Every structure is written in C-alpha cells, then in structure tokens.
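J.: pasting the structure only:
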C-alpha cells in the first residue's frame, strides 16, 4: 500500500515538480494550494505526512500548524515544513508547533527533499 503525502504549496511550478517527484517514487500525492484546503484535506483524507509551505494566500503554514496542534492532529500526522522563509523565529515556531523538520527549498535539491520524506514515512 503506497503512502499518502499532502503537498501544500501555492506555487504551481513547485507543486507540480514535487508532485511528479513523489509520484515517480511511488508516493500518492494529495495537493492543496492554501491553508484552508490543507486543513480540510488533512481531516478528510488523513495523509501519512504533510509537506507544508509557510507563505500562502490567506492562512499561512504557521496558522495551519497552530490549528493542527490545537486539534491534537500534529502528533498523529508528521509535518515537514518546506519553505523559502529563512528566519530563525519561523524555524523555532514551527518546531515548537510540532513540525518534524524545517527545510528551506533553496538548501536542498528535490531529490534530497524526497530522501527526507521517505525517511519520515518509514
């Protein structure tokens, strides 16, 4: 049975690239373009892992994490933050809210990100 990852990303190019990379490695991908649809997908589809961007229209990734922590969902579904936000305050806040990892998009190749995702899914 393949693992399911919710990919939360508002940039079409980035979302399609990771969707292709994950699907090619046998991971089923659910996509969300904003925080509201991410929360809905998490509650309805219960993915094995959430790959979450921070900067999105409307509800930010940090707001999504706060809601997941409040609903006590974070311990059950691991969240990896994948973002271009490179400040220590965001990193610390995401970790405090239960994010398993915080990856800056420009620091790793998509293949390296995939390696981290696969390690979390094992």
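T.: Happy to help now that I have it. Note that the structure is a prediction, hence the values are computed from the model and not measured. Numbers count the residues shown, from 1 in each chain.
J.: Can you name the residues bridging to the residue most central in space within the chain?
T.: Nearest to the mean C-alpha position of the chain, counting by CA atoms, centre = their mean, stands residue 51 at 1.5 Å. Beta bridges link residue 51 to residue 7, residue 80, judged by DSSP bridges.
J.: pretty sure it is touching residue 4, no?
T.: No: counting by CB atoms under 8 Å, residue 4 is not a contact partner of residue 51; they are 11.3 Å apart. Using the backbone N, CA and C atoms, a C-beta is placed for each residue, glycine as well.
J.: show me where the chain has strands.
T.: For the chain, strands defined by DSSP state E occupy the ranges 4-8, 28-32, 49-52, 79-83, 101-104.
J.: okay if I get those strands as CSV plus mean pLDDT and distance to residue 58?
T.: Shown next, in CSV, are those (pLDDT from 0 to 100; distance: least, CB to CB, whole Å):
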stretch, mean pLDDT, distance to residue 58
strand 4-8, 97, 12
strand 28-32, 97, 11
strand 49-52, 97, 14
strand 79-83, 96, 16
strand 101-104, 95, 21
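J.: Next, format those strands as TSV and append distance to residue 63.
T.: Output for the strands of the chain, formatted as TSV (distance: least, CB to CB, whole Å):
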stretch	distance to residue 63
strand 4-8	12
strand 28-32	13
strand 49-52	11
strand 79-83	13
strand 101-104	16
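J.: now for the ones you listed, which one comes closest to residue 17?
T.: With CB to CB, the closest approach to residue 17 among these belongs to strand 4-8: 10.1 Å.
J.: Low-confidence ranges, the protein, go.
T.: Applying pLDDT under 70 to the chain flags no residue at all.
J.: all helices for it, in order.
T.: 12-24, 35-45, 61-70, 88-96, 110-121 (DSSP state H).
J.: Point out the most buried one among these.
T.: helix 61-70 (a mean of 20; mean count of other CB atoms under 10 Å).
J.: Just read off the phi/psi values of residue 98.
T.: As for residue 98, its main-chain torsions (degrees, to the nearest 10) stand at phi 110, psi 0.
J.: Was I right to think it contacts residue 65?
T.: Yes: counting by CB under 8 Å, residue 98 does reach residue 65; the two are 6.7 Å apart.
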